[in-house]
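Asker: only the shape, not the letters, is given here:
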Ligand SMILES: Nc1ncnc2c1ncn2[C@@H]1O[C@H](COP(=O)(O)OP(=O)(O)OP(=O)(O)O)[C@@H](O)[C@H]1O
Ligand SMILES: Nc1ncnc2c1ncn2[C@@H]1O[C@H](COP(=O)(O)OP(=O)(O)OP(=O)(O)O)[C@@H](O)[C@H]1O
Ligand SMILES: [Mg+2]
Ligand SMILES: [Mg+2]
């Protein structure tokens, strides 16, 4: 139950470009906060700064009102799942999980109980006596997770804790993490590459790119009202289309798409001015596939991909590359077919290019 | 261009239960074959047996007609992306990627060219001179991938090569892998936890559980016509409902769901007999949410999860726990609401319990 | 781990044979029962004793330094770490065998001899004089204890240079050693190595001090036979000194008095092949039959030039012929 | 770096990406080293300016015989490093990468030659390889080859002795490193088509760099300061010059030459540091690396078993000769290949003297004490140097290694000078004349062994493990105790073993400092040799070898211990509280 504040935090290695720049965000107590961003954008670095393994080159980190920038890691009370697990190879599974409890001087009986519960929570009952190098990758990851969860830290830092788990287990574990986190009111900072996961779990999401913060908001905000073209593209692979503002009314505007000339009404236009060159984000699932000529514009199918519940289409309309997702059903267009496309104006959103 | 055959391959450590049992499958030359299964089910072990790092305790492995069970790893001509990356820490990025080319005595100029191309393919141009410990987790994973791809092996073994990449990069890299694989006709065995990825990329998928093979089939077969309840549940988190066969006609049957008593027509019933107790798989996206009383049966919302394009509902209908996914739209039911449920008979599928 | 020794004991650093030293101490304790069990012997090489005493100068640990060449003792005396021995002890030693100021006294005369393995050579085949050593017939028949690290060997080689040269021009002496080097089969690392190599018949001839040769012969039955070289044997002095400001000066005086008594020296002469310096101890009985006589050596000159000569030998002569 | 006003206070903290604890721990370590190493050793440098004067003393090194001797020292040391590296690494590989019956026993005997008592060890080389030695005589008896042509001498002899006595510096550190190696790297290399040789050349050996560097440093410095072997084979190295200078009474020149010796060693140290620091040698694999379970063929196993057996026997030969001598009659073995008369007298003599076991007890106790202290300081220093993020860690490294680079006599004399009278430099401690001086000397001399070998292990350790422990609430000391130390234990143990064994055998420094009446074993052996009790000296040597054999066997058990205990399943076993 402690808020975490990053006060204009930055980090650079040597003279190279900074890997984290001026991050300024406050994570409320008990919040489940997710860092999202492409590989190498500085997520782990940020997490490691909060944990105290990397000293920021600028800015401060505060837990509540306390500036902990110079506090040693063991005095911070964070629990962390390392991206590379960092399990103790000389201890067995149970000893690994118990480590944090021992340092906290938890009595032996209670310790055993909590270790067993934590292992059960990640589906590893029966593995207590295994040596770490006899576990599969996913099992190791779960030990790392159990080790961090079992201590109920006041701040939980999770660096892709589920990346090596299968969908089913991931979902179960996700629920487990959320439950533990809610019960103890743990402030959590989560790093994941799985956007569905981020959407499902997070109270708020911060989107990073090259060490810079692009947007902080609830999953719905980030998804439906991306602040920048990067966010729109990165989250859910939105189609970002160049356009010119034709007409503004309130927070909505009518824009003309570059290339196709099709007109579209969009949200997020509070600050738009007529004639301005902007970009409009339309999500793949916010297109309707029609017969050619019947939608806003026509396109040709360049690739089809079946992903389970939905089918992904890569389309080309003039110069535009578009991706479109529709529920899988028989009779969908095939590679090379011409189709019509109707963007869902309701969900279009104006973004800074 | 070489088929890989696992001939009743098994592996056990010491006296413990075998981690891989009697796997019997032939992967055709140039095929993209995916191993899917829960964490710890033996995927990596299988891959490592093909690569030659683990000696099977039973069975044989053949490349084409050649029994290579006893061939040393360096004579097998496989390329592998290790689950733990296994990058050479004492080499820089370019040297890591070049390693396989050097052993293959590729001329220096060509080597440099191919290394640069491979790095570009995984989005790491500009990182050639970096030390491995100065890379982020995802960047390391991409180096591992580039190192295996650059040698165009005859058999490519990929152990969760994209687990630490963000969705966008994953998709791009996926395309890159597929392209390389198709161009050189590489027989690929792929391990992933991402089912969408498995569906999108694979020619065929094998589903494993506790070292046993449950089903081998095309993505659509595995998804729509699961052989066992495990496969149904594991892939796409299908709802597997207990039922009794009421009527059989050809490959379809009418079953009565246990608990709710609702009747449902299902496929996959070639071998069903009337009165038999079976299970029926209905995928989350194959339910329609209606007003209470208007569907096949009623349920109450126990949890709602927003995952981007869709909303996940956890519902309870009598004793049944059901999960249902519907496209995200305003006005969806809330936590605690009563809803009606209509299973899509078209997609229901009869499975062995 | 408790501190060794009390305040009233006597500490002796000795480079003498351990059995010899122990027997003397035993006799001393019998003669002076108040020191029973209080004499501490510390056995080490002469060079190490010198270094140790020098390093301990601020708070000396030893009372007696027993066993060192005149050069080593002179050096230490000039370094100011030695105290004069009691007058009555000093006066027992002829002047030529001691420091002029009495800061050390010679305890015995070390005769440096040529010796051979009599299982390999008959007395007829054996060399008769030092100059025979450089004859071609003895090529590869000679083993020598390596020179630079051994006080004894330095003295012998320096004596050979001085014998063959004028004080200003050592070249004839060098030439002599060059020929000796040519005849030398191998340089032994230490005395033990030397004895072993000769006993095991790697080569029959060597040069070393008489006492050790005789002791080897007697104790381990080594087939060593000293030669009464016609030009004589160089005679070195090996001495004993009192350490300045040692913990127990009175005891040191008493010990020196005992050690350098006629009786004790006679005994050592008979049992341990020592040639005493003490006037009145006479010659031990075994010495006369060997028929040795002293070779005249200008030890004064040798002392001054030794470093230079030996350095030259190491750099320019050794192993180069 | 812009520092807003609010941050000024925090900026004083010296912790760029690390932990203040390193610097906290550095304080006692530096103090101990200052007190026991720096101040005493500074004497040498001071002395070296005396005598004929600074310029003359050092000037002599740049030409003439001293210069040549220095060159010869350098050449013999480099050759020794090469052959020790070859032998030690080969043996480590044979014994630790293959499993065959008798491997455990062999791996105990493989280190035994290290226990060769100094003086008598030299003699055993003469008995083995000189013209009258066992080997040339055997060859001459069997094949009629002239014994003179098969005997070893000169530089080759020096290198032979060094290779046979110093290879454990490589063997132990490489063994420790092999055990901690990430097996998947090797798999990756083979998967990319590398054959066995290439895997070794491009992956395994480079990854062993810290261990090899550790071995190379110890061997190089030891060879530079070695005197026995050059003397035995009459190779005019700088150490020979030093002894000669000292014997002629020129202490200043000797000090200058000693200083030059250590300067060369330090240059070597710094270049090796640089070489090692260029690359990363710890596994960066995700998750916990597992050692390679090499599925070796039966043929390979047999070859490895045979190879290591042969190698061990060859290496053990000098030790066996000592045992042989200890059972033979003094003086009876002359022209025969092997002694003809045997006796137990030598042992009976030792055991019938009431005082004769005292030296053993002195050596064992003082070495144990010194080793314990060396473990604490050496391991702590290794950790401090490994985690030091500020300038000056090279200096710290040099300070610790310095005593290893200097000849033993110099250490002894310096310690006597430093701890003889109460003074500022020694905090009023006078150790001379007490038994305490021995452990102090052994500590100073052998702490570099623990330090180097621990450093090599630390270089393999992923710092993320320490971070994880810190993150779980463990204070720096607990992290050291529960995570760092157990994981580098192999390295620490290897170093401690070397320190103990070398402590028991130490002669050159001991003889200048040992208190009256309490001679350590090496001095006792020396005394007996010089009183021509060659047989009993050998018997003593044999006893020392047996003692060390026991220590080796025990530590071998210790090293294997944790893994075996694990099988005893205990529910929710927890790390030591
Ligand atoms: N050395 C070993 N001894 C005993 N069991 C082992 C050993 N190595 C692996 N296992 C077990 O074998 C099983 C299969 O491991 P494997 O690595 O093949 O799993 P996986 O399917 O790759 O899992 P993941 O998705 O988590 O990586 C696991 O349950 C693991 O615990
Ligand atoms: N020691 C270092 N020196 C220089 N650059 C570094 C160092 N460590 C990391 N970097 C760089 O910093 C950037 C951020 O790394 P970080 O590990 O925070 O990324 P990340 O967002 O966690 O990525 P991933 O999702 O791939 O794990 C990367 O581009 C990486 O290359
Ligand atoms: Mg990361
Ligand atoms: Mg795996």
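Answerer: Okay, I see it. Please read these numbers as outputs of a predicted model, since none were measured by experiment. Ligands and ions are numbered 1, 2, ... in the order given.

Asker: next, the residue found closest to residue D:282 once you drop the neighbours it is linked to in the chain: phi, psi?
Answerer: Among residues not flanking residue D:282 along the chain, residue D:460 sits closest, at 5.0 Å (C-beta to C-beta, 6 or more residues apart in numbering or on different chains). In short, each C-beta sits where N, CA and C put it, glycine included. The phi and psi torsions at residue D:460 (degrees, to the nearest 10) take the values phi -90, psi -10.

Asker: okay, residue D:460: pLDDT?
Answerer: We note a pLDDT of 89 for residue D:460 in this prediction.

Asker: distance of it from residue D:187?
Answerer: Remark: distance between residue D:460 and residue D:187 (C-beta to C-beta, to the nearest Å) = 18 Å.

Asker: burial count for the closest residue to ligand 4 within chain D?
Answerer: Nearest to ligand 4 in chain D, going by C-beta to the ion, is residue D:287, at a distance of 9.6 Å. Using other C-beta atoms under 10 Å in any protein chain shown, residue D:287 has 27 other residues around it.

Asker: what's the answer for residue D:42, then?
Answerer: For residue D:42, the count of nearby residues is 13 (other C-beta under 10 Å).

Asker: what's the helix or strand that it is a member of packed up against?
Answerer: When elements are assigned from DSSP states H and E, residue D:42 belongs to helix D:39-47. Packed against helix D:39-47, as judged by 3 or more C-beta pairs under 8 Å, 6 or more residues apart in numbering or on different chains; DSSP states H and E, are the following elements: helix D:251-277, helix D:408-418.

Asker: next SSE after it?
Answerer: Beyond helix D:39-47 on the C-terminal side, the first helix or strand identified by DSSP H and E is helix D:54-59.

Asker: for that next one, name the packing helices and strands.
Answerer: helix D:251-277.

Asker: and the angle for the helix it packs on with helix D:39-47?
Answerer: Per axes from the mean of the first three to the mean of the last three C-alpha atoms, to 10 degrees, the angle that helix D:251-277 makes with helix D:39-47 is 120 degrees.

Asker: after helix D:251-277 comes which helix or strand?
Answerer: The C-terminal neighbour of helix D:251-277 among helices and strands, as given by DSSP H and E, is helix D:298-326.

Asker: list the buried residues in the next helix-or-strand element following that following helix.
Answerer: Later in the chain than helix D:298-326, the nearest helix or strand by DSSP H and E is helix D:345-352. For helix D:345-352, the neighbour count (16 or more other C-beta atoms under 10 Å in any protein chain shown) marks D:346-347, D:350 as buried.

Asker: what's the closest of those residues to chain B?
Answerer: For the buried residues of helix D:345-352, the closest approach to chain B (C-beta to the nearest C-beta) belongs to residue D:347, at 48.1 Å.

Asker: let me know the distance separating the nearest residue to the closest one once chain neighbours are set aside from chain B.
Answerer: The spatially closest residue to residue D:347, leaving aside those adjacent along the chain, is residue D:539, at 5.1 Å (C-beta to C-beta, 6+ apart). Counting by C-beta to the nearest C-beta, to the nearest Å, the gap from residue D:539 to chain B is 48 Å.

Asker: tally of neighbours for residue D:539?
Answerer: 27.

Asker: what do you get for residue A:187?
Answerer: Considering only other C-beta under 10 Å, residue A:187 is surrounded by 26 other residues.

Asker: how about the contacts made by it?
Answerer: Residues near residue A:187 by C-beta atoms under 8 Å, 6 or more residues apart in numbering or on different chains: A:1-4, A:27-31, A:33, A:154-156.

Asker: can you check residue C:184 too?
Answerer: Taking C-beta under 8 Å, 6+ apart, one finds C:140, C:142-144 in contact with residue C:184.

Asker: swap in residue D:220?
Answerer: Counting by C-beta under 8 Å, 6+ apart, residue D:220 touches D:77-78, D:80-81, D:265, D:268.

Asker: against ligand 1, how distant is residue D:282?
Answerer: Separation of residue D:282 from ligand 1 (C-beta to the nearest ligand atom, to the nearest Å) stands at 22 Å.

Asker: ignore what I typed, I meant residue D:152.
Answerer: 48 Å.

Asker: tell me, how many residues neighbour that residue?
Answerer: Counted with other C-beta under 10 Å, residue D:152 comes out at 20.

Asker: find the nearest non-adjacent residue to it, please.
Answerer: residue D:129 (4.4 Å).

Asker: before we move on, the earlier item: among the contacts of residue C:184, which one has the lowest pLDDT?
Answerer: Lowest in pLDDT among the contacts of residue C:184 is residue C:140, which has 87.

Asker: give me phi/psi at the nearest residue to that residue once chain neighbours are set aside?
Answerer: Closest residue to residue C:140 apart from its sequence neighbours, by C-beta to C-beta, 6+ apart: residue C:185 at 4.3 Å. The phi/psi pair for residue C:185 (degrees, to the nearest 10) reads phi -80, psi -40.

Asker: please tell me how far residue C:185 sits from ligand 1.
Answerer: Here the criterion is C-beta to the nearest ligand atom. By it, residue C:185 lies 63 Å from ligand 1.

Asker: returning to what we had before: where does the residue nearest to residue D:347 sit: helix, strand or coil?
Answerer: State at residue D:539, reduced to three classes by DSSP: H, G, I helix; E, B strand; the rest coil: helix.

Asker: wait, it touches residue D:348, no?
Answerer: No: applying C-beta atoms under 8 Å, one finds residue D:539 not in contact with residue D:348, separated by 9.2 Å.

Asker: sorry, back to before: right, so the helices and strands packed on helix D:39-47: which one is the most enclosed?
Answerer: Ranked by mean neighbour count, the helices and strands packed on helix D:39-47 are led by helix D:408-418 with a mean of 26 (mean count of other C-beta atoms under 10 Å in any protein chain shown).

Asker: tilt between it and helix D:39-47?
Answerer: Using the same axes, to 10 degrees: helix D:408-418 against helix D:39-47 is 100 degrees.

Asker: I'd like the average pLDDT over helix D:408-418.
Answerer: Mean per-residue pLDDT for helix D:408-418: 83.

Asker: try stretch D:351-364
Answerer: 84.

Asker: now it, how far from the chain's geometric center?
Answerer: 26 Å (C-alpha atoms, centre = their mean, to the nearest Å).

Asker: for stretch D:503-515, same thing?
Answerer: That offset, for stretch D:503-515, works out to 16 Å (C-alpha atoms, centre = their mean).

Asker: quick check: the residue of the stretch 151-300 of chain A nearest ligand 3.
Answerer: Using C-beta to the ion, residue A:159 is the residue of the stretch 151-300 of chain A that sits closest to ligand 3, at 5.8 Å.

Asker: beta partners for that residue?
Answerer: Taking DSSP bridges as the rule, residue A:159 bridges to residue A:191.

Asker: if we can go back for a sec, and the gap between the residue nearest to residue D:347 and residue D:266?
Answerer: 40 Å.

Asker: same deal with residue A:348?
Answerer: Here residue A:348 is placed at a distance of 71 Å from residue D:266 (C-beta to C-beta).

Asker: likewise for residue C:124?
Answerer: Using C-beta to C-beta, one gets 59 Å for the distance from residue C:124 to residue D:266.

Asker: now do residue A:111
Answerer: From residue A:111 to residue D:266 the distance is 50 Å (C-beta to C-beta).
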